[in-house]
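J.: sequence plus the predicted model coming up.
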Amino acid sequence: MDRRGLRAIVLLVAVAVVGLVLVVARDPDGRPTSAAGARGGPDSSMAGPTTSALIGPTAIPGSSIWDEILAVPSPGPTSPPGSTGPPDPTKEPAPPAAPKPTPKPTPRPTAAPAPKPVACSVFPSTNVWNQRVDDLPVRDDSDALIAAIGNGALLHPDFSSLAWNGGKGYGIPINKVNLSTPTYHVSFDYADESDAGPYPIPSNPKIEGGSDAHLILWDTQGCNLYEIYAADKSGGHWYGGSGAIWDLRSNKLRPNGWTSADAAGLPILPGLARYDEVANGVIRHALRFTAPHTCDGHIYPARHDASDLSCGAYPPMGLRVRLKASVDISVFGPQAHVILLALKRYGMLLADNGSPWYVTGAPNANWNDDDLHAFNQLQGSDFEAVDTSNLR
């Protein structure tokens, strides 16, 4: 055999030996070991592995063609379909998506409750009937005027429970009406000083007994007051001596010189003692009273007079008197006490000719007649006339 053939045999043997060594010496994870059989570490001469030979002109440092030919693929995790790489063990799985809330229907806006109508009061708080007079001065002629009415005449309640007068009681009754009450035209004797109307009159109205026959119609819805003197119905038609209409939201007076359903040209309703007020424990207005004789003149707020007597000796219509502060009213019963306290604070207005010191009120089943009759413990000399010249 020549040298050239010998060289070929040697080369083939060498290649086979190197391949066998590489297969046997491979480490558990499939990577080739260095020629010394150890990884780089503290005792090695290098930090990383080295290959034992370079085979072929295309070999690269640290690898050989035999690595690719003889390498056994190691099993590894299978990536899920659609995955682009191995899962990140440090990354927490995303929480499940929250369920979409079920849409709720939008509630329809509810209309605001209609405001309650304002209660209809008996004239504004600034009205002369509703002003206190307990701090006003006494008239210079007070003694003479009180004597003209009657120093010794007893105070008397001109109203009662319904135990009297055939179940109607005494006093001037009040009819509350509204905008739906039927209205009537009324024929008046003093038409030139009366308001034409029409007047809202219920089918069976309560009318004061006696010759005065006052008919009081309080429209609590329209807030108007209708009053008729000597009211009477005949043949389906209403008649009266005189009639007047007031706007209860106004302080307007009647024309000077005009009468009303009262001789003084004043409204009657605001001067009545009413049980509902007494039951609430307070009266906040003046009361109405009568005197046997008045003069041929009137003072504010009266608009009319009904006498030919001289004002030098007799009281004028519209005179305001009050119960003296020195009078002890603690001994009276609860109903009488409320009324007498009002007479100290607001006093009384002289509105008509009649019995001396008769205080007017509306009949009511709840009045305590015994309580009210205790008024007769008081007399004219317990009162004083008030100077109201600056009261408007």
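T.: Received, thanks.
J.: just the helices in this protein please.
T.: 3-24, 65-70, 142-149, 275-279, 334-345, 369-373 (DSSP state H).
J.: of these, which shows the lowest average pLDDT?
T.: Least confidently modelled of the helices of the chain is helix 65-70, at a mean of 42 by mean pLDDT.
J.: does residue 355 touch residue 156 like I think?
T.: Yes: at 6.9 Å, residue 355 counts as touching residue 156 under the criterion of CB atoms under 8 Å. All C-beta atoms are positioned from the backbone trio N, CA, C, and that covers glycine.
J.: and the two? Which one has more around it.
T.: residue 156 (18 against 13; other CB atoms under 10 Å).
J.: got the confidence number for residue 166?
T.: Residue 166 is assigned a pLDDT of 88 by the prediction.
J.: look at it and say how many residues are nearby.
T.: 7.
J.: what of the one 10 residues further on?
T.: Neighbour count for residue 176, taken as other CB under 10 Å: 13.
J.: so what's it up against?
T.: Contacts for residue 176 (CB atoms under 8 Å, 6 or more residues apart in numbering) come out as 218-220.
J.: where along the stretch 201-350 of the chain do the strands fall?
T.: 215-219, 224-229, 232-234, 237-240, 242-247, 287-291, 320-323, 348-353 (DSSP state E, counting those that start in this stretch).
J.: what angle sits between the first one and strand 224-229?
T.: Here strand 215-219 runs at an angle of 170 degrees relative to strand 224-229 (axes from the mean of the first three to the mean of the last three CA atoms, to 10 degrees).
J.: strand 215-219 vs strand 242-247, what angle?
T.: Going by the same axes, to 10 degrees, strand 215-219 makes 20 degrees with strand 242-247.
J.: how close does the closest residue to residue 338 other than its chain neighbours get to residue 298?
T.: Spatial nearest neighbour of residue 338, chain neighbours left out: residue 278 (4.7 Å); criterion: CB to CB, 6 or more residues apart in numbering. According to CB to CB, to the nearest Å, residue 278 and residue 298 sit 29 Å apart.
J.: next: residue 142.
T.: Applying CB to CB to residue 142 and residue 298 gives a distance of 18 Å.
J.: more neighbours, these two?
T.: Remark: of residue 142 and residue 298, residue 298 carries more neighbours, 25 against 17, as counted by other CB under 10 Å.
J.: and the closest residue to that one other than its chain neighbours, how far from residue 258?
T.: Excluding its sequence neighbours, the residue lying closest to residue 298 (CB to CB, 6+ apart) is residue 317, at 4.0 Å. Computed as CB to CB, the residue 317 to residue 258 distance reads 12 Å.
J.: more neighbours: those two, which one.
T.: residue 317 (28 against 17).
J.: for the chain, where's the lowest mean pLDDT among helices and strands?
T.: When each helix and strand of the chain is scored by mean pLDDT, DSSP states H and E, helix 65-70 comes last, with a mean of 42.
J.: intersection of neighbour lists for residue 317 and residue 258?
T.: 265, 304.
J.: if we can go back for a sec, isn't the residue nearest to residue 298 right up against residue 301?
T.: No: under the criterion of CB under 8 Å, residue 317 makes no contact with residue 301, lying 9.8 Å away.
J.: what's around residue 121, how many residues?
T.: 15.
J.: that one: what's it in contact with?
T.: Contacts of residue 121 by CB under 8 Å, 6+ apart are residue 248.
J.: and the pLDDT at it?
T.: pLDDT, residue 121: 92.
J.: next one: residue 209
T.: 93.
J.: go ahead and confirm it touches residue 165.
T.: Yes: the criterion here is CB under 8 Å, and residue 209 meets it with residue 165 at 5.8 Å.
J.: looking at those two, which one has more neighbours?
T.: Neighbours per residue, other CB under 10 Å: of residue 209 and residue 165, the larger number sits with residue 209, 18 against 13.
J.: can you tell me how far the more buried one is from residue 377?
T.: 27 Å.
J.: again with residue 258
T.: For residue 258 relative to residue 377 (CB to CB), the value is 38 Å.
J.: also residue 122?
T.: 29 Å.
J.: okay, those two: which has more neighbours?
T.: residue 122 (21 against 14).
J.: for the more buried one, which non-adjacent residue is spatially closest?
T.: residue 270 (4.9 Å).
J.: same question, residue 196
T.: Nearest to residue 196 is residue 185, by CB to CB, 6+ apart, at 7.5 Å.
J.: is it correct that the one you found is in contact with residue 194?
T.: No: assessed by CB under 8 Å, residue 185 is found out of contact with residue 194, at 11.5 Å.
J.: these two: which is more packed in?
T.: residue 194 (23 against 10).
J.: what about the nearest residue to residue 340 once chain neighbours are set aside, distance to residue 223?
T.: What sits nearest to residue 340 in space, not counting adjacent residues and going by CB to CB, 6+ apart, is residue 329, at 4.4 Å. Residue 329 is 34 Å from residue 223, where distance means CB to CB.
J.: could you do residue 161 as well?
T.: Distance from residue 161 to residue 223, by CB to CB: 29 Å.
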